[in-house]
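S.K.: Test case, fold it:
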Amino acid sequence: MNTLVTKFEKIGARLKFASARGGRRSPDFNVNVRRDKLGSHFTIGIKENTNLDINILDIQPELRHLLLLIRDQSVKHKFLCGHDERDWFVAAIPEKSGATNVHAAMEALKPEEVLAAQTEKHVKMQLRNRRRNDAFVRQGEWFFVPAPEINPDDWYLIKNEPLMRGRGKPHMAEYVYRTGGRTVYVNSSYPRGVTEAAYKTIIQNPQNKGMIFTARRLDPTVYVKGKITHPDHKTIVLDYWHRVVPNTENRAASMKYMAFID
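M.R.: Okay, the predicted model is just below:
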């Protein structure tokens, strides 16, 4: 354990271990970012009587990033732990990527649209992990890919719209344009949304009297421009439309072991 703490110190981070709580169906461990009186730190919570093999596959002190491997029995879980602008973060790495170092893990978090844009724009390797290059602008888990050909009518624009995924704090976009996708209805009981047919069945049930839903678009293509703000990131300004694409951590089975997502 002390060796792991020392390795996290090489990127300027603190690591603590804790007991993971929860029932039988809850994960045997979790990887978290928490705060105490000294500031933010990484925490690995482990259930009692759980045997884990925990290693660091790669450390990049100049980037303040490392790649964490946690083997639970025969299953490997990889997490990119690092510092992004103003705070520490942890991101689950998709298993299919086979990443064994920090740079490969960072590439694995890029969706196909971003990888294609890097190739099309001939972005040099040393520029591919910057928050802004010819292929994209990044803020946290969101990538913004240039789409100068987009020119929607003002009628379709939404102002000051949140961009969010999971339980993280939303990123606020000054102007948003959505196209495509399908309509679903959401509320606190159905946060993932239900189809229109299911929605009608639910509200027609007398037991659900007074239940309120909000119509949303599922899997639309989203474009933004103007100011993009978030309390943990520097504000970026997009002078023209960019397509919004989230990173790929939601494709990682290991994401269920993360208690902090953003």
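S.K.: where does this structure dip in pLDDT?
M.R.: Across the chain, the ranges flagged by pLDDT under 70 are 22-24, 166-167, 258-262.
S.K.: can I see the domain layout of it?
M.R.: 2-109+249-257, 144-246 (automatic domain parsing).
S.K.: burial measure for Leu52, as a count.
M.R.: Residues contacting Leu52 under the criterion other CB atoms under 10 Å number 14. In short, each C-beta sits where N, CA and C put it, glycine included.
S.K.: which ones are touching it?
M.R.: 28-29, 46, 70-72 (CB atoms under 8 Å, 6 or more residues apart in numbering).
S.K.: Which one of those is nearest to Lys16?
M.R.: Ile46 (11.4 Å; CB to CB).
S.K.: correct me, but the closest one touches Pro27?
M.R.: No. Counting by CB atoms under 8 Å, Ile46 stays clear of Pro27, with 10.0 Å between them.
S.K.: Counting by contacts, list what the strand or helix carrying Thr119 packs against.
M.R.: According to DSSP states H and E, Thr119 maps onto helix 112-120. Applying 3 or more CB pairs under 8 Å, 6 or more residues apart in numbering; DSSP states H and E, one finds that helix 112-120 contacts strand 142-146, strand 233-246.
S.K.: before we move on, the earlier item: between Ile46 and Pro27, what contacts are shared?
M.R.: Ala20.
S.K.: Would you list the phi and psi of Arg192?
M.R.: When quoted as degrees, to the nearest 10, the phi and psi of Arg192 stand at phi -90, psi -10.
S.K.: In contact with it, which residues?
M.R.: Applying CB under 8 Å, 6+ apart, the residues near Arg192 are 184, 186.
S.K.: For the residue nearest the centre of the chain, which non-adjacent residue is closest in space?
M.R.: Residue closest to the average C-alpha location in the chain (CA atoms, centre = their mean): Glu141, at 4.4 Å. Leaving aside its sequence neighbours, Glu141 sits nearest to Asn247 (CB to CB, 6 or more residues apart in numbering; 4.6 Å).
S.K.: Determine the number of other residues adjacent to that neighbour.
M.R.: The burial count for Asn247: 20, using other CB under 10 Å.
S.K.: gap between it and Asn205?
M.R.: 39 Å (CB to CB, to the nearest Å).
S.K.: returning to that earlier point: mind putting the helices and strands packed on helix 112-120 into CSV with mean neighbour count?
M.R.: Output for these, formatted as CSV (neighbours: other CB atoms under 10 Å):
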stretch, mean neighbour count
strand 142-146, 22
strand 233-246, 17
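S.K.: one step back: out of the contacts of Leu52, which is nearest to Arg216?
M.R.: Nearest to Arg216 among the contacts of Leu52, with distances taken as CB to CB, is Phe29, at 33.3 Å.
S.K.: Check whether the closest one really touches Ile46, as I assumed.
M.R.: Yes. Counting by CB under 8 Å, Phe29 does reach Ile46; the two are 4.8 Å apart.
S.K.: Find the residues that touch each one of the two.
M.R.: 20, 52.
S.K.: So for these two, which sits in the more crowded spot?
M.R.: Phe29 (21 against 17).
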